[in-house]
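S.K.: Need a 3D model of the sequence below.
(chains A and B)
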There are 2 protein chains.
Amino acid sequence: MSLENVRVVLARPIYGGNLGAVCRAMKNMGLARLTLVQPAPTLDYGEAQKYALSAQDVLEGRAEAGTLDEALADCRLVAGTTARPGLYRSHATTPRESAPRLLAAAQDGPVALVFGPEDHGLNNEELSACHVILRIPSAPAYASLNLGQAVLICCYELYLAAGLFEAPQERHPEAPAAMRERMFAMWEEMLYRIGFFDLKKADHMMMAIRRIFSRGKLSEADANILMGVTRQTGWCLDHPGRAHPPRGAADAKPESEI
Amino acid sequence: MSLENVRVVLARPIYGGNLGAVCRAMKNMGLARLTLVQPAPTLDYGEAQKYALSAQDVLEGRAEAGTLDEALADCRLVAGTTARPGLYRSHATTPRESAPRLLAAAQDGPVALVFGPEDHGLNNEELSACHVILRIPSAPAYASLNLGQAVLICCYELYLAAGLFEAPQERHPEAPAAMRERMFAMWEEMLYRIGFFDLKKADHMMMAIRRIFSRGKLSEADANILMGVTRQTGWCLDHPGRAHPPRGAADAKPESEI
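M.R.: Sure thing, here's the model as predicted:
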């Protein structure tokens, strides 16, 4: 699996809270391999633990490297991130654009996503070790993302590109045409009976009703509920006096209970 | 502009750090309107300020609402987020799928992205006030994102769907074919002169050279540099003894300086 070959490399990270958030974001997106290069001596690993929550395993499984070159030596493709434009950054791509190329390379061996320290990001020497430069889309008024947030976006795009996420599926399929026609016929009958339209205008109004119930998915369960509404309305019309009084009526009870 | 009509609504938020991270993520993605519904009495606004960094304006401009209904009353479309599957959540879509519909609605008035509290997310009653249910893709092993991270992903997808981000553009365009042919001819001549191939194999090797330099973009600036390499090599071949000695050689100096 390609995602197992994706390594997140933090160069010179400073804050424990961010390190923890990085671990959580990685695990949220199915990644597990983290390498720290020259972390700040003041980095608070207790705070990192607190922010990692259920991603302690990512934090505890981290590797440390003395230099960036060492952290990257076996990587087939290295993507570095930058929030700043500049001479050596003008050929940047977005994480979404580059995700397929990174995943393809990850089929053959480790690939790296490299993030710089919180204050200034990757410097030019560090960027020169990267084969791909990533620029996360953000608003010019405040372009710089928090470290944990930047890691999340890059991992999210890789996770989506890997195609591993199974979108939620409704058990109930779309109602087939015959079922919909039966439902619309029942609605037409009900709307006629309650006096919502006279017969001359039925076709016109039914076009609107069809439009309303066809804007989005209409599942079999939905159609069954909407047919049930017409059946129950018909029953009430056939049994005068058996409908409940309005709920607003103070001490009212259904007539059947009187 | 549609993004101005996007309102982020936090229902019953608990932690100041997350509130600050939400503000920063919003501003990173071009959003400014934040509403808090029944924030925890213990919510630390000082901590929120610290984490908001340059997004203080979003934090200070926040609205507060006594109920979720009040926060949503004027919204044309309301999207609620959930990390959990379940009976009332099975028709969830992803932020990427729903972003265009939300932006389209935002052209006519406010739309809302609703996020629940850090511990349990939105409850069923709150979700029932939402017209669209969003499920952020995440790994089943750890599906629950931090609040600030969840807000970021939703805002990021809206920002990208709005098409406002101008991808970084290189000033230098692709080198045109005539320039590339000139460059390849110069490389062929150089490779022949240094004895890299004999003339019988020139065509075969030049196919590889063409492949190497055509894998990705080759800008005019790139082609100029590669032609410069052949020119300088030719100069050295024509001026024996004028090349620099290897840099490894301990006390060596270029012959010209001797």
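S.K.: distance of the closest residue to chain B within the stretch 151-258 of chain A from residue A:159?
M.R.: Going by CB to the nearest CB, chain B is nearest to residue A:165 of the stretch 151-258 of chain A, at 3.8 Å. Backbone N, C-alpha and C define where each C-beta goes, glycine included. As judged by CB to CB, to the nearest Å, residue A:165 and residue A:159 stand 7 Å apart.
S.K.: Which one of these two is surrounded by more residues?
M.R.: residue A:159 (23 against 18; other CB atoms under 10 Å in any protein chain shown).
S.K.: what sits against the more buried one?
M.R.: Taking CB atoms under 8 Å, 6 or more residues apart in numbering or on different chains, we find residue A:159 in contact with A:3, A:29, A:30, A:31, A:165, B:137, B:138, B:139.
S.K.: let's see 10 Å
M.R.: Counting by CB atoms under 10 Å, 6 or more residues apart in numbering or on different chains, residue A:159 makes contact with A:3, A:6, A:26, A:28-31, A:99, A:103, A:165, B:137-139.
S.K.: just to revisit the earlier point, give me the element the residue of the stretch 151-258 of chain A closest to chain B is part of.
M.R.: Using DSSP states H and E, residue A:165 falls within no helix or strand.
S.K.: From what I see, it and residue B:95 are in contact.
M.R.: No: Residue A:165 lies out of contact with residue B:95 (CB atoms under 10 Å); the separation is 11.8 Å.
S.K.: So which bits of whichever strand or helix holds residue A:189 are buried?
M.R.: Following DSSP H and E, one finds residue A:189 within helix A:177-193. By neighbour count on 16 or more other CB atoms under 10 Å in any protein chain shown, the buried set for helix A:177-193 is A:180, A:183, A:184, A:186, A:187, A:188, A:190, A:191.
S.K.: how much space is there between residue A:13 and residue B:53?
M.R.: 17 Å.
S.K.: now residue A:46
M.R.: 23 Å.
S.K.: Contacts for the lengthiest helix in chain A, please.
M.R.: Longest helix in chain A, counting residues (DSSP state H): helix A:220-238. Residues outside helix A:220-238 that contact it (CB under 10 Å, 6+ apart) are A:170-176, A:179-180, A:182-191, A:193-194, A:213, A:216, A:218-219, A:242-244, B:91.
S.K.: Next to chain B, which bits of the stretch 101-250 of chain A? Give me the list.
M.R.: Contact residues, the stretch 101-250 of chain A versus chain B (CB under 10 Å from any CB of the partner chain): A:101, A:132-133, A:135-146, A:148-153, A:155-157, A:159-160, A:164-172, A:216-217, A:219, A:222.
S.K.: Take these and keep only those in helices.
M.R.: Per DSSP H, helices hold the following members of these: A:101, A:148-153, A:155-157, A:159-160, A:222.
S.K.: got a list of what the residue nearest to the residue of the stretch 151-258 of chain A closest to chain B when sequence neighbours are not counted touches?
M.R.: Computed as CB to CB, 6 or more residues apart in numbering or on different chains, the closest residue to residue A:165 that is not its neighbour in sequence is residue B:137, at 3.8 Å. Residues near residue B:137 by CB under 10 Å, 6+ apart: A:28-30, A:156, A:159-160, A:164-167, B:94-96, B:143, B:153.
S.K.: same check, this time on residue A:240
M.R.: By CB under 10 Å, 6+ apart, the contact list for residue A:240 is empty.
S.K.: which SS state does it fall under?
M.R.: coil (DSSP: H, G, I helix; E, B strand; the rest coil).
S.K.: ok, now residue A:247?
M.R.: Under three-state DSSP, residue A:247 falls in the coil class.
S.K.: What is the burial count for it?
M.R.: Residues near residue A:247, counting by other CB under 10 Å, number 6.
S.K.: got a pLDDT number for it?
M.R.: Model confidence at residue A:247, given as pLDDT, is 88.
S.K.: Just read off the phi/psi values of it.
M.R.: According to degrees, to the nearest 10, the main-chain angles of residue A:247 amount to phi -60, psi -30.
S.K.: Could you find the closest non-adjacent residue to residue A:197?
M.R.: Distance criterion CB to CB, 6+ apart; nearest residue to residue A:197, sequence neighbours excluded, is residue A:205 at 4.7 Å.
S.K.: My guess is the one you found contacts residue A:190. True?
M.R.: No: taking contacts as CB under 10 Å, residue A:205 lies outside contact range of residue A:190: 12.0 Å.
S.K.: can you list residues touching both of those two?
M.R.: residue A:196.
S.K.: sorry, back to before: go ahead and produce CSV holding the CA coordinates of the longest helix of chain A.
M.R.: Output of helix A:220-238 as CSV, limited to C-alpha atoms (Å, rounded to 0.1, in the frame of the first residue of the first chain):
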residue,chain,number,x,y,z
GLU,A,220,-37.1,3.6,-2.0
ALA,A,221,-37.4,4.4,1.7
ASP,A,222,-38.3,8.0,0.9
ALA,A,223,-40.9,7.0,-1.7
ASN,A,224,-42.5,4.6,0.7
ILE,A,225,-42.8,7.3,3.3
LEU,A,226,-44.3,9.7,0.8
MET,A,227,-46.8,7.1,-0.3
GLY,A,228,-47.7,6.4,3.3
VAL,A,229,-48.6,10.1,3.7
THR,A,230,-51.1,9.9,0.9
ARG,A,231,-52.6,6.6,2.3
GLN,A,232,-53.0,8.0,5.7
THR,A,233,-54.5,11.3,4.4
GLY,A,234,-57.0,9.2,2.4
TRP,A,235,-58.0,7.2,5.5
CYS,A,236,-58.7,10.4,7.4
LEU,A,237,-60.8,11.8,4.5
ASP,A,238,-62.7,8.5,4.5
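S.K.: which residues in chain A form strands?
M.R.: Assigned by DSSP state E, chain A shows strands spanning A:6-11, A:33-37, A:63-65, A:77-81, A:111-115, A:132-134.
S.K.: Of all the ones you listed, which one is nearest residue A:198?
M.R.: Closest of the strands of chain A to residue A:198 is strand A:132-134, at 64.3 Å (criterion: CB to CB).
S.K.: who does that closest one touch, helix- and strand-wise?
M.R.: Secondary-structure packing of strand A:132-134 (3 or more CB pairs under 10 Å, 6 or more residues apart in numbering or on different chains; DSSP states H and E): strand A:77-81, helix A:95-106, strand A:111-115, helix A:147-161.
S.K.: switch the cut-off to 8 Å
M.R.: Counting contacts by 3 or more CB pairs under 8 Å, 6 or more residues apart in numbering or on different chains; DSSP states H and E, strand A:132-134 packs against strand A:77-81, helix A:95-106.
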